[in-house]
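In: Mind folding the following:
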Amino acid sequence: MDNETENIREAYLDNAATTRTSDAVAKVVEEMMLEDYGNPSSKHYKGFEAQQKIKEATEIIAASLKVQPKEIVFTSGGTESNNMALIGAALAHRRTGDHVIASGFEHASVYNPLLSLEEFGFKVDFAPVDEMGHIKLEELENMITDRTVLVSIMYVNNEVGAVQDIAEISRRIKAKKKDIIFHVDAIQVYGKYRINPKKEGIDMLSVSGHKIHGPKGSGFLYIADGVRVRPLIFGGGQQKDRRSGTENVPAIVGLGEAVKEIYTDHQAKVEHLYGLKEHFISRIGEVPGAHVNAVGSGSPEDIRKTAPHVVSVSFDGIKAEVLLHALEEKHVYVSSGSACSSNHPGISSTLKAIGVDKKLLDSTLRFSFSVNTTAGEIDYAIEQLKELVPKYNRFQRR
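Out: Modelled structure (predicted):
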């Protein structure tokens, strides 16, 4: 171990689950809670002040996507954004069609709302993916019928980091049926790439704040002007009747600050993440029986075709949960899949979809990085894996 690694005694490598709230975000959230605490619907100065703060945050977020501020709806996070997009759009357009398509490895906050649509009489189909996690485009096209109203595709998969060609998917589905609504779950990609919904043909796009060093309980849904979405929450008519309830001003302002930060010196941040991923993959080969999933040959060229911050690794002969807790004792923090589904453990549909060997399905961990992650943390984690994997492999083979 080098000197930097010797001084490290903790490695937080679970940034796809959540990120540390940045100091600047925490500061503005506190200020909003203690000073600018007015209700934005109030007709006095305090209300106006709060409304102005929301306006400023909305403009920052809209600018990051090159869209109009009126196309941004604030939510409580990614799960609500996905539910609002899928259920809201499907119900608003049910007279024109009752068929919805998604990929075969969507997050639970997409998969479960889609299943709930079946109770309203919708038919839901799931397009297959290849071993790299890419949608099989011809099969997706063949699924589209004259009853298809909505297609939802995850931009970056949260477990293996597969990246979809969203612009090409949009082009193909809209060539087949021009009025299809195209929703994109961008929760793992926003802040990592620059996204342009207008150019990429995206009608709705979901984002979560706590994945980009913003507050938990913050998020937004981009809804292109002209796309009808039935509200899920009714009440005082806030946010132009699209999402009622007093706006969470501290969370919204904190989210705006996080967006401003994450897209400042953005390319340098992306290069930092890819550097970490390449370093991790170059060293994980030192761990016996470790297999990296969905990165092709593992070359720098193939790695850069995947998301910069997520690596999925399977370990021969060791249960993921056993290794996860062994690492935890060494203060290395990772996930065995989507943290949002940790209370409902089971075999990952993502790993099955990309064809991971059946023997490895429950032996896979996710390592994920942020702008705060250091190479020293990765080296520390690798050293712990080199010690733990042979030990637990021998134990479980007895």
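
In: Could you pull out the strands in the stretch 51-200 of the chain for me?
Out: Along the stretch 51-200 of the chain, counting by DSSP state E, counting those that start in this stretch, strands occupy 72-75, 99-103, 123-127, 148-154, 181-185.

In: Pick the most deeply packed of the ones you listed.
Out: strand 181-185 (a mean of 27; mean count of other CB atoms under 10 Å). Every residue, glycine included, has its C-beta placed from N, CA and C.

In: ok, residues contacting it?
Out: Strand 181-185 is contacted by residues 78, 82, 85-86, 89, 93, 106-107, 109-110, 149-155, 166, 169-170, 173-174, 197, 201-206, 227 when judged by CB atoms under 8 Å, 6 or more residues apart in numbering.

In: How about stretch 264-284?
Out: Residues from elsewhere that reach stretch 264-284 (CB under 8 Å, 6+ apart): 192-194, 262, 290, 292, 295, 298, 300, 303-304, 306, 308-309, 311, 313, 367, 369-371, 373, 375, 378-379, 382, 385.

In: just to revisit the earlier point, which ones among the contacts of strand 181-185 map onto helices?
Out: Using DSSP state H, the members of those that fall in helices are 78, 82, 85-86, 89, 109-110, 166, 169-170, 173-174, 197.

In: Tell me, what's the model's pLDDT at T350?
Out: What the model reports for T350 is a pLDDT of 85.

In: How about A353?
Out: A353 is assigned a predicted lDDT (pLDDT) of 84.

In: hang on, isn't it packed against V129?
Out: Yes: shown here, A353 and V129 form a contact pair, counting by CB atoms under 8 Å, at 5.2 Å.

In: circling back: of the contacts of stretch 264-284, which belong to helices?
Out: Among those, DSSP H puts I262, P300, I303, A375, I378, D379, I382, L385 in helices.

In: how much space between the nearest residue to A224 once chain neighbours are set aside and E131?
Out: Distances taken as CB to CB, 6 or more residues apart in numbering put D203 closest to A224, at 4.8 Å, once the chain neighbours are dropped. As judged by CB to CB, to the nearest Å, D203 and E131 stand 29 Å apart.

In: When these two are compared, which one has more neighbours?
Out: Neighbours per residue, other CB atoms under 10 Å: of D203 and E131, the larger number sits with D203, 23 against 13.

In: Give me the common contacts of A353 and V129.
Out: Counting by CB under 8 Å, 6+ apart, the shared contacts of A353 and V129 are G104, F105.

In: coming back round to it: any chance of the strands of the stretch 51-200 of the chain in JSON lines, plus distance to F280?
Out: Output for these, formatted as JSON lines (distance: least, CB to CB, whole Å):
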{"stretch": "strand 72-75", "distance to F280": "33"}
{"stretch": "strand 99-103", "distance to F280": "26"}
{"stretch": "strand 123-127", "distance to F280": "30"}
{"stretch": "strand 148-154", "distance to F280": "22"}
{"stretch": "strand 181-185", "distance to F280": "25"}
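
In: May I see the buried residues of stretch 18-26?
Out: Buried residues in stretch 18-26, counted by 16 or more other CB atoms under 10 Å: T18, T19, T21, S22, V25.
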